[in-house]
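Enquirer: please find the sequence and the predicted model below.
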Amino acid sequence: MIRDGTYTIASALPSNPVLDIDGATTPFDSPIAGIVGFKNQTANNQNQQWKVTALSPGVYSLQSVIGPFWIAAPDDGSVAQVDTSRYDPVVNLITRWRISEAGGGNYTIESEKFPGRVIDLEYANNADNTRAILYQNGLQPNQLWQFIPVAI
């Protein structure tokens with residue numbers, strides 16, 4: 001179980017890329033900003049920090065610390081890039097995530113609206129700007145995540 005707090009969310013892939021807002025210099029010029037994997041920055045990294053809040057047992061919202069924007073699954077549950085939504089998880093099912101232990105300090109982040117589909121780094125690529133997508137869960141390293149506390 002994850003405690004409410006602010007985290008960097010790192011992949012289990014080599015070099016541990018983290019979930020990052022694509023184009024973070026102006027991340028919310030539109031209501032949607034894509035989520036990508038990127039190397040963990042040690043300074044000016046708010047675009048890589050997420051407020052994790054329990055909504056119900058095992059179900060969480062992942063909100064950017066930059067503002068009121070939440071990680072969202074694609075509307076139709078397709079294999080596509082995960083992005084952000086301005087709509088609060090209280091009313092928006094695509095911004096709710098089931099976080100489950102997968103062993104070794106790793107977790108899966110599964111869509112509450114689309115069971116069996118998890119946040120995945122596309123093609124198991126750990127390079128910067130690799131798209132974070134919604135994909136069928138296979139418990140692969142590119143689908144496993146570690147929650148690194150920033151502020152609990």
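Expert: Here it is on my side, so go on. Source: prediction; values computed, not measured.

Enquirer: and the residue nearest to residue 115 when sequence neighbours are not counted, what does it touch?
Expert: Nearest residue to residue 115 in three dimensions, chain neighbours excluded: residue 98, at 7.9 Å (C-beta to C-beta, 6 or more residues apart in numbering). Backbone N, C-alpha and C define where each C-beta goes, glycine included. Listed by C-beta atoms under 8 Å, 6 or more residues apart in numbering, the contact set of residue 98 reads 58, 59, 60, 109, 110, 111, 112, 115.

Enquirer: report the two of those residues separated the most.
Expert: Greatest spacing in those, by C-beta to C-beta: 60 and 115 (15.1 Å).

Enquirer: of the two, who's got more company?
Expert: The residue with more neighbours, out of residue 60 and residue 115, is residue 60; 24 against 11, by other C-beta atoms under 10 Å.

Enquirer: can you tell me the element that one falls in?
Expert: Assigned by DSSP states H and E, residue 60 belongs to strand 59-64.

Enquirer: can you check residue 53 too?
Expert: Assigned by DSSP H and E, residue 53 belongs to strand 50-56.

Enquirer: quick check: buried residues in that strand?
Expert: Neighbour-count burial for strand 50-56 flags 50, 51, 52 (criterion: 16 or more other C-beta atoms under 10 Å).

Enquirer: how far does it sit from the chain's center?
Expert: Chain-centre distance of strand 50-56: 12 Å, with C-alpha atoms, centre = their mean, to the nearest Å.

Enquirer: for the record, mean pLDDT for that strand?
Expert: Averaged over strand 50-56, pLDDT sits at 97.

Enquirer: give the partner strands of it in its sheet and their orientations.
Expert: Strand pairing for strand 50-56, determined by DSSP bridges: strand 5-11 (antiparallel), strand 59-64 (antiparallel).

Enquirer: which other residues reach the last one?
Expert: I take that to be strand 59-64. 2, 9, 21, 27, 46-47, 49-55, 69-71, 84, 89, 95-99, 109, 112.

Enquirer: CA-only coordinates of the strand holding residue 60, as PDB, when you get a sec.
Expert: Presented in PDB, the C-alpha positions along strand 59-64 are these (Å, rounded to 0.1, in the frame of the first residue of the first chain):
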ATOM      1  CA  VAL A  59      -7.200   3.100  -5.900                       C
ATOM      2  CA  TYR A  60      -5.300   6.400  -6.200                       C
ATOM      3  CA  SER A  61      -5.000   9.600  -8.200                       C
ATOM      4  CA  LEU A  62      -1.700  10.800  -9.600                       C
ATOM      5  CA  GLN A  63      -1.700  14.600  -9.600                       C
ATOM      6  CA  SER A  64       1.100  16.800 -11.000                       C
END
